[in-house]
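**Student:** Here you go, sequence then predicted model.
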Amino acid sequence: QQQVKQSPQSLIVQKGGISIINCAYENTAFDYFPWYQQFPGKGPALLIAIRPDVSEKKEGRFTISFNKSAKQFSLHIMDSQPGDSATYFCAASMVITDKLIFGTGTRLQVFP
Amino acid sequence: DAGVIQSPRHEVTEMGQEVTLRCKPISGHDYLFWYRQTMMRGLELLIYFNNNVPIDDSGMPEDRFSAKMPNASFSTLKIQPSEPRDSAVYFCASSFFNRDGYTFGSGTRLTVV
């Protein structure tokens, strides 16, 4: 119940295309869902986050879609750029424990 | 702010030796987390502190691992004795109120030979 399942493991997208990464969770007590971006040799960095009281959040080219009934959330990267090539992690936490549980990561490669 | 500072960046040690990883969180942050990242297991939470007090150490793999936070600006993760299976990248992260996103350090790449 503590797991966050992430797919796909890797993703190859052409420049200008849309990248979509999906995550699913079981524990309905989770109430905070961030996405992190990690470049090689660096630590993960917060990209965008959503709480379950909204179904979508957009920041620039990055959008989180959240489906509370399906217990799923996804990251959409519009107009993908080679600079977006990185590993993306979804995560979830709940009020009681306050610790983030991370998905297994998606390696995104955007080719020009 | 310089962000979360970890040292060393790389550590190569022989099996059986003691290893100490260090972390300086962002000033004012009241939560500190230690994560381990491997290809096989991804990002695993080892332990976290709130106001220098350990809150949850259920992720610490075994007694060979220990972590301390003697003050708000410094934490250590110690492995004694180290084993080859401890080879991984260890990240420290800090946050404020634990809800607005973690700031990760650049990590320590540990290799135990």
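**Tutor:** The structure has been received and is ready for your questions. Numbering: from 1, shown residues only, chains lettered A, B, ... in the order given.

**Student:** When you work out contacts or count neighbours from here on, use the C-alpha atoms and nothing else.
**Tutor:** Noted.

**Student:** May I see the buried residues of stretch A:5-23?
**Tutor:** The neighbour-count check on stretch A:5-23 (16 or more other Cα atoms under 10 Å in any protein chain shown) flags A:K5, A:Q6, A:S7, A:L11, A:V13, A:K15, A:S19, A:I20, A:I21, A:N22, A:C23 as buried.

**Student:** quick one: is it near chain B?
**Tutor:** No - Stretch A:5-23 is not in contact with chain B by Cα under 8 Å from any Cα of the partner chain; minimum separation 11.4 Å.

**Student:** And the strands in chain B?
**Tutor:** B:5-7, B:10-13, B:19-24, B:31-38, B:42-50, B:53-56, B:65-71, B:74-79, B:88-95, B:103-104, B:108-112 (DSSP state E).

**Student:** Switch those strands over to JSON lines; also include distance to chain A and mean neighbour count.
**Tutor:** Output for the strands of chain B, formatted as JSON lines (distance: least, Cα to the nearest Cα, whole Å; neighbours: other Cα atoms under 10 Å in any protein chain shown):
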{"stretch": "strand B:5-7", "distance to chain A": "11", "mean neighbour count": "20"}
{"stretch": "strand B:10-13", "distance to chain A": "11", "mean neighbour count": "14"}
{"stretch": "strand B:19-24", "distance to chain A": "13", "mean neighbour count": "21"}
{"stretch": "strand B:31-38", "distance to chain A": "9", "mean neighbour count": "23"}
{"stretch": "strand B:42-50", "distance to chain A": "5", "mean neighbour count": "21"}
{"stretch": "strand B:53-56", "distance to chain A": "9", "mean neighbour count": "16"}
{"stretch": "strand B:65-71", "distance to chain A": "17", "mean neighbour count": "16"}
{"stretch": "strand B:74-79", "distance to chain A": "17", "mean neighbour count": "19"}
{"stretch": "strand B:88-95", "distance to chain A": "7", "mean neighbour count": "25"}
{"stretch": "strand B:103-104", "distance to chain A": "5", "mean neighbour count": "24"}
{"stretch": "strand B:108-112", "distance to chain A": "9", "mean neighbour count": "20"}
